[in-house]
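>>> sequence? don't have it. structure:
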């Protein structure tokens, strides 16, 4: 599993590096380059060319760092066997994160080059594309969370899900459905709602689902037949 994840990371990093190199060569030698955009797609932060180029290289760097953490997690998790049994879910989220990073890198590269040539240009489509990408990741998470097994590294890890397999399964089953619903709502918002509503829906919805899952995990644990109340269950 680690091997597959690292191979995917290598391929994604090479692709992102190619995009960054192309962008670095396409940028002018001097001037201010847009490096941040608001919810309307308007550039609201500019940096000198040198700083902009360094910011670009952070994107593949973040992907590599995230992947190394995911690979390390498999090794150090006390419930390593459960992560191995959740391999498809773990890799799906790993691959989904890499695809999202490739997508964001491409969007930032394009936006920097366009903004360098037309500083006042508004990229109206940027917020919609970001929300669409996040919605896809939410759908992947929602589909695979119910297929994960209890572990200490990924998933909805509360004191109660970690001390009852039954609570873990129930919590991830309902959270998975909610994340799928939020992903679909994200797509609907892109088509039917103003830009100012789209990101708050995704962010606010994710926070609400997380809060609900926290409370639900406790209620599921209280009624679980296999619940533990002391640290003796930790192997």
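Cool, the structure landed. Quick caveat, the model's predicted, so the values are computed rather than measured. Numbering: from 1, shown residues only.
>>> In the protein, what residue spans correspond to strands?
Counting by DSSP state E, the chain forms strands over residues 32-37, 43-48, given from the N-terminal end onward.
>>> need the helix or strand of this structure with the lowest average pLDDT.
Within the chain, no helix or strand scores below helix 80-85, which has a mean of 83 by mean pLDDT, DSSP states H and E.
>>> what about that one, distance to the chain center?
In terms of C-alpha atoms, centre = their mean, to the nearest Å, the centre of helix 80-85 is set 21 Å apart from its chain centre.
>>> Report the buried residues of that helix.
Along helix 80-85, the positions that meet the burial threshold by neighbour count (16 or more other C-beta atoms under 10 Å) are 82-83, 85. In this view, the C-beta of every residue, glycine as well, is placed from N, C-alpha and C.
>>> Stretch 146-159 now?
The neighbour-count criterion (16+ other C-beta under 10 Å) identifies 146-156, 158 as the buried residues of stretch 146-159.
>>> now do stretch 186-198
Using 16+ other C-beta under 10 Å as the burial criterion, the residues of stretch 186-198 that qualify are 186, 189-190, 195, 198.
>>> cool, and stretch 65-81?
Within stretch 65-81, the residues that qualify as buried are 67, 70-71, 73-74, 77, 79, counting by 16+ other C-beta under 10 Å.
>>> What ranges does the chain have for its helices?
With DSSP state H as the definition, the chain shows helices at residue ranges 2-26, 49-76, 80-85, 87-117, 125-144, 165-192, 195-222.
>>> Looking at these, which is nearest to residue 33?
Put simply, out of the helices of the chain the one that sits nearest residue 33 is helix 49-76, at 3.7 Å, with distance taken as C-beta to C-beta.
>>> any idea of the pLDDT on the one residue sitting closest to the centre of the chain?
Centroid check for the chain by C-alpha atoms, centre = their mean gives residue 97 as the closest residue, at 5.1 Å. According to the model's per-residue confidence, residue 97 sits at a pLDDT of 90.
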